[in-house]
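Asker: Curious how this folds, go ahead:
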Amino acid sequence: MLEHEPRGRERSAIEREFDDTAKRDGRRARTEILELGLELAAIAFRDLVAVASGADAAVLGTDRIAQLAPAAAGRDPVRLRQAAECCEDTRSAFQLNVTEELALSALTFRLRELVAA
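Answerer: Presented below is the predicted three-dimensional model:
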């Protein structure tokens, strides 16, 4: 495609535009993947809240109740709910163009505080 473009400044500008577009598309795809992962983490914490509260009927991943029970045993449902909220807050922050690395680091510290054994 670029072989038909003139050489020099115009071609360099077009190449930079292509590079910038590719970077934006890559960031957008990475953010979408991170948002999906955070949504799944929030759902997992929600299921842990349900199991820890004795509300197995409210679990979304009904096929995983047996695996969730040991993870939920002895955990405070309020803190698990707060962990789910932290995941959602971090996911929402990506829409405000927050630095992904910083947002995920902050989430890690909050989750350790909330659900550390």
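Asker: Every contact and neighbour count from this point should use C-alpha atoms.
Answerer: Noted.
Asker: Would you indicate which residues of stretch 91-109 are buried?
Answerer: Neighbour counts over stretch 91-109 (16 or more other C-alpha atoms under 10 Å) mark R91, F94, E100, L104, L107 as buried.
Asker: Farthest pair within the residues you listed?
Answerer: Every pair in these was compared (C-alpha to C-alpha); the two farthest apart turn out to be F94 and L107, at 12.3 Å.
Asker: So for N97, what's the pLDDT?
Answerer: At N97, the predicted lDDT confidence score is 69.
Asker: wouldn't L68 be in contact with L48 here?
Answerer: Yes: L68 lies in contact with L48 (C-alpha atoms under 8 Å); the separation is 6.2 Å.
Asker: Who has more neighbours out of those two?
Answerer: The residue with the greater number of neighbours, taking L68 and L48 and applying other C-alpha atoms under 10 Å, is L48; the counts read 29 against 22.
Asker: Mind checking what helix or strand follows the helix or strand where that one lies in sequence?
Answerer: Assigned by DSSP states H and E, L48 belongs to helix 9-52. Proceeding N to C from helix 9-52, the next assigned helix or strand is helix 65-72, under DSSP H and E.
Asker: Let's see the pLDDT reported for A58.
Answerer: The predicted structure scores A58 at 93 on the pLDDT scale.
Asker: now E3
Answerer: The per-residue confidence score, pLDDT, reads 62 for E3.
Asker: With L38 as the reference, measure out to F109.
Answerer: F109 sits 15 Å away from L38, going by C-alpha to C-alpha, to the nearest Å.
Asker: same deal with R79?
Answerer: As for R79, its distance to L38 is 17 Å (criterion: C-alpha to C-alpha).
Asker: Have a look at these two and say which one is more surrounded.
Answerer: Set side by side, R79 and L38 show more neighbours around L38, with 21 against 16, by other C-alpha under 10 Å.
Asker: that older thread, so for the buried residues of stretch 91-109, which is the shakiest by pLDDT?
Answerer: Within the set of those, pLDDT is lowest for F94 (79).
Asker: So that one is in contact with T31, correct?
Answerer: Yes: applying C-alpha under 8 Å as the test, F94 and T31 come out as touching, 7.1 Å apart.
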